[in-house]
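**Student:** Sequence below, structure please.
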Amino acid sequence: MDNQHISSEISPAFEVQGPSQATPDPLANESLHKALDGQPDDWDAVHPTAATPLRFSFSGRGKDYLSLWLTNWILTIVTLGIYSAWAKVRRLQYVHQNTQLGGFAFGFHGEPKKILIGRIIGIGLIFISNATNIFGAKLAGFFSLMFIIAFPWLYRSSIRFYTRNSSYRNVRFRFVGTAKAMYSIYLKSALIVIFTAGWAFPYVVYRLRRYRIEHSRWGNNAFQFSSSAGAFFGIYILNIVVTALVMLGLMALAFASSSSLLKGLSKEISNIMTHPTQSQILIMAGLYLLFIYMVYVIGRVLTQDLIFKESWNHIAIGKSRFACDLSIVRLYFIRYGCFIASLLTLGIFIPFAHMIITKRRIESISVTPSHDFDVAQATLDEDTTRSAEVADMFDIDIGW
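**Tutor:** Numbering: from 1, shown residues only. Predicted structure coming up:
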């Protein structure tokens, strides 16, 4: 149920991905309205008031996604994992196809072969860097160093792959971030994290998010990101405080169980611990999983949701601004309920949970469009178009 998944989770700048459609080349020298052949070409006719916020909508259904999910798993197992790349494309296409803004669906056009190549490279690098017994410590260390050096390039290629293969209103998104800028962020971030013993990690997350968003384009329109490093530090500090309070609360509850008020219950627990039955073991294991998931949701997923909301409230494209009214507390209980339902159904509810959470996140986003949002130019000079086609040869995906 992750986003990175879902999320995590409309191009990397938007953190939603979606469906392959037969579309004209969005990089050709023609206006957006020509590219929208067969679709309404007058935004004002559909949306009389340009200043009225438009909300994203998601129409994906758990029943449909369950069928897709089961098919993907079966084919992935039968092909010993090879089909997983095609499965990922089908999943992203489904999410994109069911994500709409102003009556138009998003599109995803990625090639499974590039995802498969990226996974082979990633698995190969990880295996080689950890195969000390096969290659020896020195050679394994050398390969580990090569992996560290190659990671920024792989990360940038993955971002560009998702961005260039996502579209809205038949206009492709683009990513113009350079490898030089990525390596600069990577080197500076590594030094900062080392010298601060990891305490500056929120700054690294902020810089990577900013790099990803500010170098994304829709047609010729650039995205802007106005959040600050301080806001990201605040998110991580809040996460530490909330997690600590929950842990203290659970410890207090455990301590209270040994008090005179709960002496009988404490005795019962003691008997279970010393002579547990099979059913009691299962119950204890279930309670343990619920406890672990509670800490996990607070410690990791809560942070992701807060970053998601903070980011969307500070994203703009041209003069059009985005907003997010996601209720973090409500989503937390939804996640927890989905987790319990998934346990009780032995995993069958997972696809439904994915759709529920995805819908909640996507539909919390809105945009107040300006005129340039409608007439985003899909015109690029021939040199840019040609170089983009060449760059597409080197785009791969290393994510799962």
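**Student:** just for the stretch 51-200 of the chain, where's the confidence low?
**Tutor:** Under the criterion pLDDT under 70, the flagged ranges of the stretch 51-200 of the chain are 51, 129-136.
**Student:** all strands for it, in order.
**Tutor:** Using DSSP state E, counting those that start in this stretch, the strands of the stretch 51-200 of the chain run over residues 54-55, 57-58, 99-101, 104-108, 166-168, 171-175.
**Student:** Note down every partner strand of the second one and its orientation.
**Tutor:** So that's strand 57-58. strand 99-101 (antiparallel) (DSSP bridges).
**Student:** For the strand it pairs with, buried residues please.
**Tutor:** For strand 99-101, burial by neighbour count (16 or more other C-beta atoms under 10 Å) applies to 99, 100, 101. C-beta: built from backbone N, CA, C; applies to glycine.
**Student:** just to revisit the earlier point, to residue 76, which of the strands of the stretch 51-200 of the chain lies closest?
**Tutor:** strand 104-108 (18.9 Å; C-beta to C-beta).
**Student:** buried ones in that closest one?
**Tutor:** Buried, per 16+ other C-beta under 10 Å, within strand 104-108: 104, 105, 106, 107, 108.
**Student:** go on, stretch 289-305?
**Tutor:** 293, 294, 297, 298, 301, 302, 303, 304, 305.
**Student:** Please flag which of these sit within helices.
**Tutor:** 293, 294, 302, 303, 304, 305 (DSSP state H).
**Student:** and of those, the nearest to residue 52?
**Tutor:** Each of these was checked against residue 52 using C-beta to C-beta; the closest is residue 305, at 26.8 Å.
**Student:** Excluding chain neighbours, what is closest to the closest one?
**Tutor:** residue 328 (5.4 Å; C-beta to C-beta, 6 or more residues apart in numbering).
**Student:** I'd say that neighbour and residue 302 touch.
**Tutor:** Yes: using C-beta atoms under 8 Å, residue 328 is in contact with residue 302, at 6.9 Å.
**Student:** all helices for the stretch 151-300 of the chain, in order.
**Tutor:** Taking DSSP state H, counting those that start in this stretch to define them, one finds helices in the stretch 151-300 of the chain at 179-195, 201-214, 229-256, 263-274, 278-296.
**Student:** Counting by contacts, list what the longest one packs against.
**Tutor:** Applying 3 or more C-beta pairs under 8 Å, 6 or more residues apart in numbering; DSSP states H and E, we find helix 229-256 packed against helix 201-214, helix 278-296, helix 302-312.
**Student:** Tell me what angle the last one forms with helix 201-214.
**Tutor:** It stands for helix 302-312. Helix 302-312 and helix 201-214 are oriented at 40 degrees to each other (axes from the mean of the first three to the mean of the last three C-alpha atoms, to 10 degrees).
**Student:** so how far is residue 297 from residue 290?
**Tutor:** Here the distance between residue 290 and residue 297 works out to 10 Å (C-beta to C-beta, to the nearest Å).
**Student:** Need the residues touching each of these two.
**Tutor:** residue 339 (C-beta atoms under 8 Å, 6 or more residues apart in numbering).
**Student:** What's the separation between residue 153 and residue 120?
**Tutor:** Distance of residue 153 to residue 120, computed by C-beta to C-beta: 16 Å.
**Student:** Average pLDDT for stretch 227-242, rounded please.
**Tutor:** For stretch 227-242, the mean per-residue pLDDT is 93.
**Student:** pLDDT weak spots in the stretch 201-350 of the chain?
**Tutor:** Low-confidence segments of the stretch 201-350 of the chain (pLDDT under 70): 253-284.
**Student:** wouldn't residue 312 be in contact with residue 306 here?
**Tutor:** No: Residue 312 is beyond contact range of residue 306, at 11.2 Å (criterion: C-beta under 8 Å).
**Student:** more neighbours, the two?
**Tutor:** Between residue 312 and residue 306, counting by other C-beta atoms under 10 Å, residue 312 is the more crowded of the two (22 against 19).
**Student:** and the spatially closest residue to that one that is not a sequence neighbour, what does it touch?
**Tutor:** Computed as C-beta to C-beta, 6+ apart, the closest residue to residue 312 that is not its neighbour in sequence is residue 324, at 3.6 Å. Residue 324 makes contacts with 308, 309, 312, 313, 364, 365, 366, as judged by C-beta under 8 Å, 6+ apart.
**Student:** quick one: which of those has the most company?
**Tutor:** residue 365 (27 neighbours).
**Student:** Quick one: the contacts of residue 324 as CSV, columns for distance to residue 343 too.
**Tutor:** Putting the contacts of residue 324 into CSV (distance: C-beta to C-beta, whole Å) gives the following:
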residue, distance to residue 343
308, 25
309, 27
312, 31
313, 34
364, 26
365, 30
366, 34
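**Student:** okay but residue 126 is in contact with residue 150, surely?
**Tutor:** No: at 11.5 Å, residue 126 and residue 150 do not qualify as touching, with contact defined as C-beta under 8 Å.
**Student:** Can you lay out the helices and strands packed on helix 229-256 as CSV showing distance to residue 138?
**Tutor:** Formatted as CSV, those follow (distance: least, C-beta to C-beta, whole Å):
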stretch, distance to residue 138
helix 201-214, 30
helix 278-296, 38
helix 302-312, 38
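**Student:** for residue 332, what are its contacts?
**Tutor:** By C-beta under 8 Å, 6+ apart, the contact list for residue 332 reads 297, 298, 301, 302, 305.
**Student:** and the angle from the helix or strand where it lies to helix 229-256?
**Tutor:** Using DSSP states H and E, residue 332 falls within helix 328-344. Angle, helix 328-344 to helix 229-256, by the same axes, to 10 degrees: 50 degrees.
**Student:** Please export the C-alpha coordinates of helix 328-344 as PDB.
**Tutor:** Extracted as PDB, the C-alpha positions of helix 328-344 are listed here (Å, rounded to 0.1, in the frame of the first residue of the first chain):
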ATOM      1  CA  ILE A 328      -3.800  13.500   7.700                       C
ATOM      2  CA  VAL A 329      -5.600  12.200  10.800                       C
ATOM      3  CA  ARG A 330      -8.500  10.800   8.800                       C
ATOM      4  CA  LEU A 331      -6.100   9.200   6.300                       C
ATOM      5  CA  TYR A 332      -4.200   7.600   9.200                       C
ATOM      6  CA  PHE A 333      -7.300   5.800  10.500                       C
ATOM      7  CA  ILE A 334      -8.300   4.800   6.900                       C
ATOM      8  CA  ARG A 335      -4.800   3.300   6.400                       C
ATOM      9  CA  TYR A 336      -5.100   1.400   9.700                       C
ATOM     10  CA  GLY A 337      -8.600   0.200   8.900                       C
ATOM     11  CA  CYS A 338      -7.400  -1.000   5.500                       C
ATOM     12  CA  PHE A 339      -4.500  -2.800   7.100                       C
ATOM     13  CA  ILE A 340      -6.800  -4.700   9.500                       C
ATOM     14  CA  ALA A 341      -9.200  -5.600   6.600                       C
ATOM     15  CA  SER A 342      -6.200  -6.900   4.600                       C
ATOM     16  CA  LEU A 343      -5.200  -9.100   7.500                       C
ATOM     17  CA  LEU A 344      -8.700 -10.500   8.000                       C
END
